[in-house]
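Student: Provided below are the primary sequence and the corresponding predicted coordinates.
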Amino acid sequence: MTVAYVSLRPAGDGFAVRICTAGTPAGVVRRAGGTEERLRRAGDAIGVEPRLSLKVEDAHLHAGDTLVLYSAAVGAAHVPGRGTAADLAAEILAGAVPASGGLRGDLVVLALRVTAE
């Protein structure tokens, strides 16, 4: 089984984020200025190993930043010319990848964006 747990709490000029994933990629933070920060701490899928190893990562989101989490199927998809898994996730969110685009599996993308309000 795979899972992603995210908690957000207001902190200063944005949100403090705590992320724990098991069996899914850790995700990416796309900063308002266009840079990407890959989250590094992904845990093992639940039920695969006799002992569960969960990893927690903290980040801070400012106005205009987007946290992108996606399933392993998105991370494993190899589509020539489409760039990174985060790029593919962004294309899926934008509707730029048609359902018949050759992607298979459980494609799940979650994007959380901080607005200035």
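Tutor: Received the coordinates, thanks.

Student: that's a helix at residue 73, yeah?
Tutor: Yes - counting by DSSP: H, G, I helix; E, B strand; the rest coil, residue 73 is located in a helix.

Student: pretty sure it is touching residue 107, no?
Tutor: Yes - between residue 73 and residue 107 a contact is recorded at 5.3 Å, counting by CB atoms under 8 Å. For the C-beta atoms, the positions are set from N, CA and C on the backbone; glycine is no exception.

Student: got the contact list for the spatially most central residue of the chain?
Tutor: The centroid of the chain falls nearest to residue 69 when counting by CA atoms, centre = their mean (1.6 Å). For residue 69, the contact set (CB atoms under 8 Å, 6 or more residues apart in numbering) comprises 4, 6, 19, 21, 24-25, 27, 109-111.

Student: From residue 27, how far out is it?
Tutor: Going from residue 69 to residue 27 by CB to CB, to the nearest Å gives 4 Å.

Student: same thing with residue 56?
Tutor: Residue 56 is 13 Å from residue 27, by CB to CB.

Student: And residue 15, by the same measure?
Tutor: Where residue 27 is concerned, residue 15 sits at a distance of 15 Å (CB to CB).

Student: Residue 33 too?
Tutor: In terms of CB to CB, residue 33 sits 18 Å off from residue 27.

Student: Equivalent analysis for residue 48, please.
Tutor: Relative to residue 27, residue 48 is positioned 20 Å away (CB to CB).

Student: so where's this structure uncertain?
Tutor: 41, 75-105, 117 (pLDDT under 70).

Student: Give me the distance between the two termini of stretch 5-23.
Tutor: Stretch 5-23 has its terminal residues 12 Å apart, counting by CA to CA, to the nearest Å.

Student: Tell me how far that stretch lies from the chain's centre.
Tutor: Distance of stretch 5-23 from its chain centroid, counting by CA atoms, centre = their mean, to the nearest Å, is 12 Å.
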